[in-house]
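Engineer: Okay, predicted coordinates and the sequence, questions at the end:
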Amino acid sequence: MPDRIEFNPGGLAGVWAEENSRESIFAALRRRETFGTSGPRIQARLFGGWSFPPDACEDRDIARTGYVRGVPMGSDLPENSFGAVAPTFIATALKDAGTSDRPGTDLQRIQIVKLWLENGEPREGVFDVAGSPDNGAGVDLASCATHGAGHASLCTVWSDPDFDSGAGALYYARVLENPTCRWSTWACNDAAVDCSGSVPDDLAGCCDPSIPKSIQERAWTSPIWYTP
């Protein structure tokens, strides 16, 4: 086993910068226009505002729409000068393209995660806003072959159905891939571990039922904050 089986191999951090330069990257970090992934090179983006059109995802320059009519992830929502009932968000995601030898995994869905305080207690709401958790995708744990439909890209325009203009909240996007084998399952399969017999100590984790066999790799954006 290349590492302790309960550990994950590490993730990635990304920024939306004007160009690949030190100045632009640090500027993106300062304005928190950032996202993270559990490992794959998924690209995730979130904009928030009060006047995004419902068909914004059809715009070929959707980022321009996001900047002109709203704010990017890492920002505070501006004052609601449009009389909107609730803020609207544009969430987009592109799958990890992978390589010709090992293509990236299709995306399953985008979620919007909302956090707020209610009577001084933290609350969380999770909304599936694009794609579907019931797409029939899965993975054969013996071969790690995946099956089922997915998406190369996802985009949606979503408005908070439970918005309370008097309560502060933050929103971020979470992007989930279709299920795949966890890294440890690949390693255990390569080692041909047979859990019905004697297993070496360094491979005992392969037979530990508490260790997940599959995983849904993911990405998540910086939040967008709403303050009354």
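Structural biologist: Yep, it's here.
Engineer: got the phi/psi numbers for residue 30?
Structural biologist: The phi/psi pair for residue 30 (degrees, to the nearest 10) reads phi -60, psi -40.
Engineer: Tell me who's in contact with the closest residue in space to residue 141 that isn't next to it in sequence.
Structural biologist: Once flanking residues are discounted, residue 141 sits nearest to residue 213: 5.0 Å by CB to CB, 6 or more residues apart in numbering. Heads up, the C-betas are built off the backbone N, CA and C, glycines and all. Going by CB atoms under 8 Å, 6 or more residues apart in numbering, residue 213 touches 141, 181, 182, 185.
Engineer: Out of those, which is nearest to residue 17?
Structural biologist: For those, the closest approach to residue 17 (CB to CB) belongs to residue 182, at 31.7 Å.
Engineer: Quickly list what the residue nearest to that closest one when sequence neighbours are not counted is bridged to.
Structural biologist: Of all residues beyond its chain neighbours, the one nearest residue 182 is residue 215 (4.4 Å), with distances taken as CB to CB, 6+ apart. On the basis of DSSP bridges, residue 215 takes part in beta bridges with residue 180.
Engineer: Quickly note the distance from residue 215 to residue 5.
Structural biologist: Relative to residue 5, residue 215 is positioned 13 Å away (criterion: CB to CB, to the nearest Å).
Engineer: Ok, residue 14 next?
Structural biologist: Residue 14 is 27 Å from residue 5, by CB to CB.
Engineer: in this protein, which ranges drop under the pLDDT threshold?
Structural biologist: Within the chain, the stretches with pLDDT under 70 are 1-3.
Engineer: before we move on, the earlier item: so which of the contacts of residue 213 sit within helices?
Structural biologist: Assigned to helices by DSSP state H, the following of the contacts of residue 213 qualify: residue 185.
Engineer: Most widely separated two among the contacts of residue 213?
Structural biologist: 141 and 182 (9.4 Å).
Engineer: Now the common contact residues for the two.
Structural biologist: Both residue 141 and residue 182 are in contact with 213, 214, where contact means CB under 8 Å, 6+ apart.
Engineer: When those two are compared, which one has more neighbours?
Structural biologist: Per other CB atoms under 10 Å, whichever of residue 141 and residue 182 has more neighbours is residue 182, with 22 against 15.
Engineer: give the contact list for that one.
Structural biologist: The neighbours of residue 182, taking CB under 8 Å, 6+ apart as the test, are 211, 212, 213, 214, 215.
Engineer: So how do I select the buried members of those residues in PyMOL?
Structural biologist: To isolate the buried subset of those in PyMOL, counting by 16 or more other CB atoms under 10 Å, use the following:
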select buried, resi 213+215
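Engineer: What is the nearest of the contacts of residue 182 to residue 107?
Structural biologist: Set against residue 107, the nearest of the contacts of residue 182 by CB to CB is residue 215 (14.4 Å).
Engineer: For that closest one, give me its contacts.
Structural biologist: By CB under 8 Å, 6+ apart, the residues touching residue 215 are 38, 179, 180, 181, 182.
Engineer: ranges for the helices of the protein?
Structural biologist: Taking DSSP H, the helices of the chain run over residues 22-30, 62-69, 183-190.
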